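*Asks:* Any chance you can model this:
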Amino acid sequence: MSQSSLFLSHLDCLNHGRLDHSENRRRLDEILNFFKQSRPGAGRATLRLDLARERIATRDELLSIHSQDYVDQVLSMDGKIGALDHETPLTEGSVRAARLAVGLGLHLLDEVLSGAVRNGFIFARPPGHHARPNQGMGFCVFNTVALIAKKALSQGVKRILVLDWDVHHGNGTQEAFYEDDQVFFVDLHQEGLFPKDSGGVEEKGMGQGLDWTLNVPLPHSCGDADYLDVLRNVVQPRVYAFRPELILVSAGFDAHISDPLGSMSLTTNGYRQMTQTVKAWADELCGGRLILNLEGGYDPAALAQNAFQCAEVLASVEKT
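*Replies:* The predicted structure follows:
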């Protein structure tokens, strides 16, 4: 059975960063080509990736998560070459790309909350989950998922699940909601990878947010069975007790067995099964309202295949 899904990207998100950097345009190029080449009867579904919607996040929208000093610092670098830190270079198109990545996410949220679509996936770059309220880092400029969650809260959504399965800990998203009991932040990541001392099991939230952060650091070489076991037996009971009204996923694909920046063993089928699991939560608990946002994944060919498989699941046309 098909359903209404929306997959968003923009060609200007290619105009960020250097080709000699791990987070380069080849990542998105491969995804765009994979969607373009999909054909019925070739073992893949034909899904439409919408490149025509142009939505730039405003300064005020960025300020809902990020500090004024940080936002103004980044905006002042529009059209220039620079860097936020030694891992996060900016080129002439970087600021526009980062604002587009957030804007597309906010647009998809509007579509989901209005009921125009049930779910969707934002294929944009740069990624965002390491971006702290007052600091960009780890290839990330603005924290798209945190900004989507903040806007959803402002529009009356009461309970949001944010699931981060990137191989690296989503420290920026955790920090944004560490004292918030309306956002349940769950992070599955390779233990001690990046940031080095971030994402321990003892990090559970503070104040009203106590026990609404769940970190699951995993040893290296974990594969499909390990991730699915954690999702279904550790995370799922907590999710069903929380009963979210919206689910957001920081969908990094760098826990794939071929990725050069992680040491995990997930396969493409593992990502498909993880998406099926989360989609089942959304269908049962929150009317299907589910948004995936692209984070890491640094083997471009594997990234494209993994991301497309997840999109197939969202559109309910995955292979049986």
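*Asks:* With just CA atoms, put whatever helix or strand Ala146 lives in into CSV.
*Replies:* Secondary structure from DSSP states H and E places Ala146 in helix 144-154. Coordinates of each C-alpha in helix 144-154 appear next as CSV, following Å, rounded to 0.1, in the frame of the first residue of the first chain:
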residue,chain,number,x,y,z
THR,A,144,18.3,21.0,11.5
VAL,A,145,16.6,18.4,13.6
ALA,A,146,16.7,20.5,16.7
LEU,A,147,15.3,23.5,14.8
ILE,A,148,12.5,21.3,13.4
ALA,A,149,11.7,20.0,16.9
LYS,A,150,11.6,23.6,18.3
LYS,A,151,9.3,24.8,15.7
ALA,A,152,7.0,21.8,16.2
LEU,A,153,6.8,22.6,19.9
SER,A,154,5.9,26.2,19.1
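*Asks:* Outside of it itself, which residues are in contact with it?
*Replies:* Around helix 144-154, the neighbours that count as contacts under Cβ atoms under 8 Å, 6 or more residues apart in numbering are 57, 61-62, 64-65, 101-102, 105-106, 108-109, 113, 122, 124, 127-129, 131, 160, 162, 164, 170, 172-173, 176-177, 182-183, 246, 248-250, 291, 293. Every residue, glycine included, has its C-beta placed from N, CA and C.
*Asks:* switch to 7 Å and redo it
*Replies:* With contact meaning Cβ atoms under 7 Å, 6 or more residues apart in numbering, helix 144-154 is reached by 61, 64-65, 101-102, 105-106, 109, 113, 128-129, 160, 162, 172-173, 176, 182-183, 246, 248, 250, 291, 293.
*Asks:* Which residue ranges of the stretch 201-320 of the chain form helices?
*Replies:* Along the stretch 201-320 of the chain, counting by DSSP state H, counting those that start in this stretch, helices occupy 224-229, 236-242, 268-285, 300-314.
*Asks:* For the last one, name the packing helices and strands.
*Replies:* It refers to helix 300-314. helix 26-37, strand 119-122, helix 268-285 (3 or more Cβ pairs under 7 Å, 6 or more residues apart in numbering; DSSP states H and E).
*Asks:* out of the ones you listed, deepest packed?
*Replies:* Most buried of these by mean neighbour count (mean count of other Cβ atoms under 10 Å) is strand 119-122; its value is a mean of 28.
*Asks:* mind checking pLDDT for Arg39?
*Replies:* With respect to pLDDT, Arg39 scores 63.
*Asks:* Please apply the same query to Thr46.
*Replies:* 70.
*Asks:* And the one 10 residues further on, by the same measure?
*Replies:* Taken from the predicted model, the pLDDT recorded for Ile56 is 98.
*Asks:* now it: how far from Ala149?
*Replies:* Using Cβ to Cβ, to the nearest Å, we find Ile56 at a distance of 19 Å from Ala149.
*Asks:* Between the two, tell me which one has more neighbours.
*Replies:* Between Ile56 and Ala149, Ala149 has the larger neighbour count (other Cβ atoms under 10 Å), namely 29 against 15.
*Asks:* re earlier: can you lay out the helices of the stretch 201-320 of the chain as CSV showing mean pLDDT?
*Replies:* What follows is these, written out as CSV (pLDDT from 0 to 100):
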stretch, mean pLDDT
helix 224-229, 98
helix 236-242, 98
helix 268-285, 98
helix 300-314, 97
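*Asks:* Can you check which of the ones you listed gets nearest to His10?
*Replies:* Across these, His10 has its closest neighbour in helix 300-314 (15.6 Å, Cβ to Cβ).
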